[in-house]
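Colleague: Sharing a sequence plus its predicted fold:
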Amino acid sequence: MSHKQDLAREYQALKDTLLYHARRYYALDAPEISDAEYDALFKRLLELEGANPELISADSPSQRVGSEPLSAFNSVAHRMPMLSLDNAFSEDDLLAFDKRIRDRLGIDRSPEYVCEPKYDGIAVSLIYENGKLVQGATRGDGSTGEDISENVKTVHSIPLQLNGGDVPSLVEVRGEVYMPREGFKRYNAQASTKGDKPFVNPRNAAAGSLRQLDSRITARRPLEMCAYSIGVHEGYPLPSTHGEVLQQLSQWGFMVSEHYRVLEGVEACTRYFDELAEKRESLPYDIDGIVFKVNRLDFQDELGFVARAPRWAIARKFPAQEEITVLKEVEFQVGRTGAITPVARLEPVFVGGVTVSNATLHNADEIARLGVHIGDSVAVRRAGDVIPQIVSVVPSLRPDTARPITFPEACPVCETPLVQSEGEAAIRCPAGMSCQAQLKESIKHYVSRTAMDIDGLGDKLVSLFVDLKLIRSLADLYRLRADVLSELDGLGKKSADNIIQAIEASRYCELHRFIYALGIREVGQATARNLARHFGSLEAIIAADIDALLEVEDIGPVVAQHIQAFFATPSNLDIITQIREAGVHWDDIVIDESSMTLKGKTIVLTGSFSTLKRSAAKTALEALGAKVASSVSKNTDIVYAGPGAGSKLTKAQELNVPVEDEDALIALLEQHAE
Ligand code: 5U1
């Protein structure tokens with residue numbers, strides 16, 4: 001045998017041994033050799049690769065040490081949106097979730113659920129082509145994330161190559177990258193001796209470490225990943241349950257939670273939640289709740305999704321952590337829509353993993369409900385990423401100097417008298433964009449990443465430009481000039497040019513982003529997308545009356561009213577005209593009206609169908625222009641009911657709404673597809 005062949009053999013054997021022990025150590029947490037033995041083997045591998053670079057393979061453990069820094073992260077469009085999870089905060093919320101599942105599936109008993117700890121880290125998507133890791137991305141806004149391929153390759157519990165011979169031609173694995181508590185403590189101890197800034201909690205540490213442009217830095221951070229689902233896939237038929245998906249992930253070499261269980265019935269889920277809540281503090285990593293997922297994938301398909309979350313899963317959060325501190329002062333902030341929010345300034349307190357010095361008091365009703373005075377000792381709660389809240393007052397600790405909180409009568413920024421609409425808790429400044437605070441907030445929203453994504457225009461600059469009267473309306477953004485900006489203190493030519501360039505780049509955008517950027521009350525990203533998809537053009541949205549708006553998925557009377565009021569206001573239309581005259585444009589969405597043969601019809605689907613999936617039927621009906629509603633009313637044109645239909649069927653019969661079966665629905669779809 002030649003020397004070359006000998007080397008290749010030794011290299012392969014060494015690599016296999018190292019991969020085996022890395023998996024024992026990182027994925028299975030069951031090492032068979034000492035760290036020193038592993039290091040010696042690794043050193044030999046590096047020697048061999050150094051002397052024979054042609055041997056280096058993509059899955060070599062040496063490929064995890066990071067590479068040259070990037071100048072920026074590229075964007076990655078997720079082929080399948082990365083959703084978030086709905087939250088449950090109590091046993092009742094979980095019971096309500098289970099009831100919704102049973103009602104929608106038309107079944108009497110709870111289905112099987114997979115229960116998994118919810119790791120407190122950063123969601124990632126990993127793409128494998130023919131078993132090889134080719135891309136890693138952050139979740140971003142769910143549709144678009146950042147390419148962090150170089151960084152994920154440094155995480156040892158992420159396989160560079162899937163185990164097993166028969167791997168899919170394409171598969172996306174999703175999970176959470178996190179920093180175990182020990183690693184976090186070690187990192188912070190080292191950071192403080194080196195004079196570096198420590199991280200506040202393991203979650204921030206994981207986020208900060210993954211978002212390093214220099215992957216060699218990421219490689220030195222103690223990160224792990226727990227895999228929890230499969231996204232896009234080709235050349236791989238999914239198994240029939242989520243439990244089997246987790247087993248498959250484990251066989252491919254991923255770490256899946258050792259604590260996951262498949263349980264029958266919601267009571268067992270509640271017991272599991274209580275058990276894990278007990279164990280929570282003793283786990284080697286932070287978890288902030290338990291995720292419950294319907295086990296059968298065909299049930300998941302049938303249940304489908306609401307705007308941004310699957311209907312078949314929920315995260316029950318652990319009770320929020322609370323601490324007592326002193327309320328020092330209350331300030332009143334003016335929001336984008338003019339709502340006045342009292343903000344509590346607190347004696348700083350460490351709660352839920354961070355130091356909290358501000359908390360929201362929501363509105364005047366909340367202040368009255370709490371009966372809180374300035375100077376009081378208050379319980380502050382911080383749950384997950386939710387803004388810290390004051391949950392109660394400790395009356396026995398009230399000092400003599402305590403004084404009541406008085407809500408202002410005029411806007412603290414523009415001094416316009418405040419108003420309160422009937423039935424609304426919020427007290428508002430009615431001055432709109434002529435109030436500097438509302439103008440600032442509207443512009444911050446307009447330029448934000450999820451809206452027009454104008455980079456480089458941070459909150460401080462927006463505030464400065466408004467104060468200097470460089471911006472008096474959204475349209476003025478497009479009148480900013482580099483030569484004027486570069487004269488401002490601390491800006492300089494380069495930053496000024498960058499801002500103008502970012503504004504320039506935003507002139508061509510997507511209709512849904514523009515609608516969202518306008519900041520219409522109650523119109524979030526999902527509603528903006530629905531509006532764009534439904535109407536196709538801004539002109540059509542502006543022209544829509546309340547009835548037309550109510551036809552749009554997920555839009556109810558209140559939101560429809562806000563949209564109509566916004567576009568009925570001449571000053572808003574004027575600003576939109578000015579923005580468009582400044583060159584902001586998008587491609588309208590072509591809606592083929594001739595195929596909308598069910599336009600104007602409201603249909604309800606209930607019970608289980610044997611041939612059609614309910615989600616597929618809903619999509620097909622909506623494509624034909626029908627509105628598929630979730631409840632029966634006198635406006636319902638027809639109900640299609642399968643076996644197991646319950647209250648919706650009864651309601652239809654009471655209201656004399658026509659009821660048909662699945663065969664009639666199939667016939668309808670076939671007839672309209674022609
Ligand atoms: N354990 C776990 N965490 N987590 C987060 N499972 C899980 N599933 C998620 C998310 C966002 O989403 C799925 C419903 C795919």
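Modeller: Received it, and whenever you're ready, just let me know what you need.
Colleague: Nearest residue to the middle of the protein?
Modeller: Ser84 (4.6 Å; C-alpha atoms, centre = their mean).
Colleague: what residues are up against that residue?
Modeller: 142, 308-309 (C-beta atoms under 8 Å, 6 or more residues apart in numbering). All C-beta spots, glycine's among them, are computed from the backbone N, C-alpha and C.
Colleague: so which of the residues you listed comes closest to the ligand?
Modeller: Ala309 (7.6 Å; C-beta to the nearest ligand atom).
Colleague: what's the pLDDT at that closest one?
Modeller: Looking at Ala309, its pLDDT reads 89.
Colleague: how about it, what does it touch?
Modeller: Taking C-beta under 8 Å, 6+ apart as the test, what Ala309 contacts is 83-86.
Colleague: and these near the ligand, which?
Modeller: Applying C-beta under 6 Å from any ligand atom to the contacts of Ala309, one finds that 83-85 fall near the ligand.
Colleague: hmm, back to that, near the ligand too, which of the contacts of Ser84?
Modeller: Of the contacts of Ser84, not one also sits near the ligand (C-beta under 6 Å from any ligand atom).
Colleague: Adding secondary structure as columns, could you present those residues in TSV?
Modeller: As requested, the contacts of Ser84 are exported to TSV (DSSP: H, G, I helix; E, B strand; the rest coil):
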residue	secondary structure
Gly142	coil
Arg308	coil
Ala309	strand
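Colleague: just these now: which is nearest Leu126?
Modeller: Gly142 (16.4 Å; C-beta to C-beta).
Colleague: so that closest one makes contact with His78?
Modeller: Yes: here Gly142 reaches His78: they are 7.2 Å apart, a contact under C-beta atoms under 8 Å.
Colleague: Please identify which of those two sits among more neighbours.
Modeller: His78 (22 against 17; other C-beta atoms under 10 Å).
Colleague: these two touch, right, that one and Ala137?
Modeller: Yes: His78 lies in contact with Ala137 (C-beta under 8 Å); the separation is 7.1 Å.
Colleague: Now do the same contact list for Cys435.
Modeller: Residues counted as contacts of Cys435 (C-beta under 8 Å, 6+ apart) are 334, 338, 411, 413-414, 416, 429.
Colleague: Model confidence for the closest residue to it other than its chain neighbours, exactly?
Modeller: In this structure, Cys435 finds its nearest non-sequential neighbour in Cys414, 4.1 Å apart by C-beta to C-beta, 6 or more residues apart in numbering. The model reports Cys414 with a pLDDT of 95.
Colleague: Would you mind measuring from Cys414 to Gly432?
Modeller: 10 Å (C-beta to C-beta, to the nearest Å).
Colleague: try Val330
Modeller: For Val330, the distance to Gly432 (C-beta to C-beta) stands at 25 Å.
Colleague: Over to Ile367?
Modeller: 25 Å.
Colleague: between these two, who's got more neighbours?
Modeller: Applying other C-beta under 10 Å to Ile367 and Gly432 shows that Ile367 carries more neighbours, namely 20 against 17.
Colleague: May I have stretch 426-442 exported as CSV, CA atoms only?
Modeller: Extracted in CSV, the C-alpha atoms of stretch 426-442 (Å, rounded to 0.1, in the frame of the first residue of the first chain):
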residue,chain,number,x,y,z
ALA,A,426,-56.3,54.6,26.6
ILE,A,427,-56.2,58.4,27.1
ARG,A,428,-54.9,60.0,24.0
CYS,A,429,-53.3,63.2,22.7
PRO,A,430,-55.5,64.0,19.6
ALA,A,431,-53.0,66.2,17.9
GLY,A,432,-51.7,63.4,15.6
MET,A,433,-48.6,64.3,13.6
SER,A,434,-48.6,67.8,14.8
CYS,A,435,-47.5,66.4,18.1
GLN,A,436,-43.7,66.0,18.0
ALA,A,437,-43.8,62.8,20.1
GLN,A,438,-46.3,61.1,17.7
LEU,A,439,-44.4,62.3,14.7
LYS,A,440,-41.2,60.8,16.1
GLU,A,441,-42.8,57.5,17.0
SER,A,442,-44.5,57.3,13.5
